[in-house]
Structures are given as C-alpha cells and as structure tokens.
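Undergrad: following is a predicted model, sequence given first.
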Amino acid sequence: MSVRNVFKMTALSLVLAAGAASAQAVGEGDELVEKVAVRNRLYMVERRFEIGGNVGFTLLPRLTDHYNFNASAAYNVVEWFAVEARVGYAYSRQTSLADQVKEAFSSQNTLPKINDFSDLWQMGFNGVVGARFQPIYGKLNLLAELPVHFQLYLWAGGGVGSFTRESLLICPQRSGSSCTGYFREGDNPPVIKPIVSLALGFRFFVANRHAVRLEARTWSWLDSYYVGVDRPMVTANNPTAGGMLSPNAGVTTLSQIDLGYSFVF
C-alpha cells in the first residue's frame, strides 16, 4: 500500500472516530443537534390540514402586468402528497409598453387591414385545484445553530378564471385623431376561460404550525384576438369590422414568483 493510501485511510479513520464520539454525546444528552444532515423530520404534515395566503408578482411583464392574490386550503394525505385548492383575484393592467404601442398607432391610417396583438387577456377572479408532490425534505444551515427545514414540491392543477381584454389597435370611439375608447371584451359579462397552473416551490418551516412558501408558478389559458380588421370601417356598432378570430392564437402563459404563508393544523 502506498504512503498516500495509508495517509487517506488514517485520515478517514480519524474522521469516523470523531463522528462516532459526537453521535454518542448527542445520544447521552438526549438532544437533537443536526450538524451535517437531516436525521429526523422535525415537522410532520401527514393527515394535517393547512390554510394560507400568497401573492404573485409577474416576472417579465410585457403588454400586461398581474398581481395575483390567493387564499389556499390543503390537506396533506401523506408526507409526500397533498391536494390543494386556491381562489383569488388578480389585479391586472396594461403596461407602459402597451401604452406606447397605442400612442404609436393611434393616428396611423396607412394600415387599413390590421391584426390585433396577442397575449392581451387580463385575468381577474381565479380558482384552481391541484396536486402537490412534496417528496424532498431537507435542511438549510443559515447560521451555525439555526437549521431551517424545508420541503421541495411540484404543483399541478387546473380551474377557471374570469378575463377581460382591451385592444391596442381597434378603436371604435374617436375624437379627431385621438382614440377615446379601445375595443374591449369581457366587461359585462366577463369571459370565463379554463386555466392550467404549474409550480415549483419551497416550503420553509418556521415552527411546528407555520411555514413560509416561495415558488415559481405559471398560469396558462387559451388566447384569442382578431385579425383582418378593416380599420377605417370600425365603429361603436361594428368594432371588429369584418375581422375574424385568429385560428392560431395559441396559449398565453403568465409566469410569476409567489410569496406565501401556511398555517398547518
């Protein structure tokens, strides 16, 4: 055996001996001190309910921006699986970029046939039910004597939401060269669309009944917008002026960062 291997074996023996002595001291004191790895679950959630709330912020707003406020209720069937329902309301608005687009096209009359912009639907009330897979339990050592226990989870579910939409190009109400009212959809009654929501998140346990949540979440719904609108013929009684709904509108996906709190009981 080489000198290097002998040195490695000696060092490894010393480390194992020190670890065994440390473990024996913990057992004698009957205290739970986790220096390296999670040996025991401090926070058990199996067969426990939880309620909470969260707020979501749009990561990269383009033409619309959303702040989604949700209340949630969940039941942890086992440690690694839970079902959860969320209901809430998204405060939404068009961004400054959308206002710039409106201003740029407001007085242009050189485009008689126009296609409206996609991804303009703004979510309002929303509700989803989903499954939460939480198989990974771990610990972060923020300070030497302050371990923070967490669960990493995946969330998948669906539901419905109410939506409104305001065009950036179709203007049925004008005053001279200025637009005083853009074409809107879903005001009365609102348009109801199905929603699919996915999330990847962490649940950090503060105490036996309290947890803070941080997650990346997406909300997806079917888009729709008008194409081939005869802009000079647009009026209040004929806002789409021969236009048709795009057959390839696709899906709008809203990406958000969610911050939340859960009370487990």
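TA: All right, it came through fine. Numbering: from 1, shown residues only.
Undergrad: helix or strand: which one has D99?
TA: Take DSSP states H and E as the rule and D99 turns out to sit in helix 96-106.
Undergrad: could you identify the helix or strand that succeeds that helix?
TA: Trace forward from helix 96-106 with DSSP H and E and the next one is strand 113-114.
Undergrad: which residues of the stretch 101-250 of the chain fall in strands?
TA: For the stretch 101-250 of the chain, the strands defined by DSSP state E, counting those that start in this stretch occupy 113-114, 121-143, 146-166, 173-175, 178-181, 184-185, 191-205, 210-222, 226-227, 229-230, 244-245.
Undergrad: partners of the first one in the sheet?
TA: I take that to be strand 113-114. Looking at strand 113-114 with DSSP bridges, its partner strands are strand 229-230 (antiparallel).
Undergrad: show residues contacting the partner strand.
TA: With contact meaning C-beta atoms under 8 Å, 6 or more residues apart in numbering, strand 229-230 is reached by P112, K113, I114, N115, D116, L169, I170, T240, A241, G242, G243. In short, each C-beta sits where N, CA and C put it, glycine included.
Undergrad: next, count neighbours for the nearest residue to R174 once chain neighbours are set aside.
TA: Nearest residue to R174, sequence neighbours excluded (C-beta to C-beta, 6 or more residues apart in numbering): T180, at 6.4 Å. Residues lying near T180 (other C-beta atoms under 10 Å) number 10.
Undergrad: skipping adjacent residues, who's closest to G88 in space?
TA: Computed as C-beta to C-beta, 6+ apart, the closest residue to G88 that is not its neighbour in sequence is N70, at 3.4 Å.
Undergrad: sorry, that was for R231
TA: Nearest non-adjacent residue to R231, counting by C-beta to C-beta, 6+ apart: I114, 5.2 Å away.
Undergrad: contact partners for that neighbour?
TA: Contacts of I114 (C-beta under 8 Å, 6+ apart): L169, I170, V229, R231.
Undergrad: beta partners of it?
TA: V229.
Undergrad: about what we covered before: state the pLDDT value of the residue nearest to R174.
TA: At T180, the predicted lDDT confidence score is 88.
Undergrad: repeat that for R132.
TA: As summarised for this prediction, R132 has a pLDDT of 98.
Undergrad: could you give the number of residues near the spatially closest residue to it that is not a sequence neighbour?
TA: Spatial nearest neighbour of R132, excluding adjacent residues (C-beta to C-beta, 6+ apart): A82 at 4.4 Å. When counting by other C-beta under 10 Å, one arrives at 23 neighbours for A82.
Undergrad: dump the residue contacts of A82.
TA: Neighbour list for A82: V45, A74, Y75, N76, A131, R132, Q134 [criterion: C-beta under 8 Å, 6+ apart].
Undergrad: could you say which helix or strand holds it?
TA: strand 81-94.
Undergrad: that strand pairs with which strands, and in what direction?
TA: Applying DSSP bridges to the sheet, strand 81-94 is found paired with strand 64-78 (antiparallel), strand 121-143 (antiparallel).
Undergrad: I'd like the ones you listed laid out as TSV, including mean neighbour count and distance to W219.
TA: Shown next, in TSV, are the strands paired with strand 81-94 (neighbours: other C-beta atoms under 10 Å; distance: least, C-beta to C-beta, whole Å):
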stretch	mean neighbour count	distance to W219
strand 64-78	17	8
strand 121-143	16	7
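Undergrad: now render those strands as CSV, adding distance to E215.
TA: Formatted as CSV, the strands paired with strand 81-94 follow (distance: least, C-beta to C-beta, whole Å):
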stretch, distance to E215
strand 64-78, 11
strand 121-143, 10
